[in-house]
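Q: need a structure here:
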Amino acid sequence: MTDSEYGPSIFTAVAENRGGANGESWIEGGLRVDVRSPIGPEQSQGTNPEELLALAWATCLSESGRIVAGPSYPVQVRTRITLHKRHDGSSFEFRGRAELHFEGKDMDAATHLAEAAHARCPVSRMLSGQSEVTIVAV
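A: Sure thing, here's the model as predicted:
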């Protein structure tokens, strides 16, 4: 993906990791966290990819919910990312569930707003396979 294909980037975050699920991850010029596998013996000594993904998705859905419901409308979001063995046993996979609460809205209106927020949220679109992702060996 290049800027010429989709227009100029609005923002770029660059994250790095050393040590995998039992190492360190950081954002260039920003957040730095120790990461630990949620299934390893040192899990309480850091955060893990599931937590980081849940935070990113909750934040994105909350902002998207605020936009579709109105900027001053209170939206509460709870996301859950779970780790599972794949059915073929070859590796792991994430599964996600998001709950959006639009205070004072009936279920039909809240469902419509939640669907609109999900459709608008870039993290939701990426998790749903609707965004371009490129993997390159360097």
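Q: Where do the helices of the chain begin and end?
A: Secondary structure of the chain (DSSP state H): helices at 3-6, 49-69, 107-120, 122-127.
Q: and the last one, what other elements does it pack with?
A: Using 3 or more C-beta pairs under 8 Å, 6 or more residues apart in numbering; DSSP states H and E, the elements in contact with helix 122-127 are helix 49-69, helix 107-120. Glycine gets a C-beta too; all of them are placed from N, C-alpha and C.
Q: Convert the shortest one to PDB, retaining C-alpha atoms only.
A: The C-alpha coordinates for helix 107-120 follow below in PDB (Å, rounded to 0.1, in the frame of the first residue of the first chain):
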ATOM      1  CA  MET A 107     -32.600  -2.200  21.700                       C
ATOM      2  CA  ASP A 108     -33.400  -1.500  18.000                       C
ATOM      3  CA  ALA A 109     -31.800   1.900  18.100                       C
ATOM      4  CA  ALA A 110     -28.800   0.700  20.100                       C
ATOM      5  CA  THR A 111     -28.300  -2.200  17.700                       C
ATOM      6  CA  HIS A 112     -28.400   0.100  14.700                       C
ATOM      7  CA  LEU A 113     -25.800   2.400  16.300                       C
ATOM      8  CA  ALA A 114     -23.600  -0.500  17.300                       C
ATOM      9  CA  GLU A 115     -23.600  -1.800  13.800                       C
ATOM     10  CA  ALA A 116     -22.800   1.700  12.400                       C
ATOM     11  CA  ALA A 117     -20.000   2.100  14.900                       C
ATOM     12  CA  HIS A 118     -18.600  -1.300  13.900                       C
ATOM     13  CA  ALA A 119     -18.800  -0.400  10.200                       C
ATOM     14  CA  ARG A 120     -17.000   2.900  10.900                       C
END
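Q: tilt between that helix and helix 49-69?
A: In terms of direction (axes from the mean of the first three to the mean of the last three C-alpha atoms, to 10 degrees), helix 107-120 departs from helix 49-69 by 120 degrees.
Q: so what's the residue nearest the centre of the chain up against?
A: What sits nearest the mean C-alpha location of the chain, by C-alpha atoms, centre = their mean, is Trp57, with 3.3 Å. Under the criterion of C-beta atoms under 8 Å, 6 or more residues apart in numbering, the neighbours of Trp57 are 79, 81, 96, 98, 121, 123-124, 127.
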